[in-house]
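Student: how would this look folded up:
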Amino acid sequence: MSDYLTTEELAALTRTSRKTVLRWRHIGFGPRGFRIGNRVLYARSEVDAWLKELEEAGE
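Tutor: Numbers count the residues shown, from 1 in each chain. As a prediction, the model looks like this:
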């Protein structure tokens, strides 16, 4: 598995749509992402930490 996820891969992992992930990014919810050209990538470690926080908070 790659160390970085694309927006589409994050959407698939969270069983949501690409549009939802884009909205999360716009409102500052979700794991931090960074741009490379016109792509946004999410570090797998950031995604895992974010999901763990949600799980622990009971979200």
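Student: State the distance from Ile27 to Ser2.
Tutor: Distance of Ile27 to Ser2, computed by CB to CB, to the nearest Å: 26 Å. C-beta here means a position set from N, CA and C on the backbone, and glycine is covered the same way.
Student: number of nearby residues for Val47?
Tutor: Using other CB atoms under 10 Å, Val47 has 20 neighbouring residues.
Student: Which pLDDT value goes with Thr16?
Tutor: pLDDT, Thr16: 97.
Student: so it sits in a strand?
Tutor: No: assessed with DSSP: H, G, I helix; E, B strand; the rest coil, Thr16 is coil; it does not lie in a strand.
Student: okay, now it: neighbour count?
Tutor: With neighbours defined by other CB under 10 Å, the count for Thr16 comes to 13.
Student: And it, how close does it get to Gly30?
Tutor: On the measure of CB to CB, Thr16 and Gly30 end up 10 Å apart.
Student: Over to Glu55?
Tutor: The spacing between Glu55 and Gly30, counted by CB to CB, is 14 Å.
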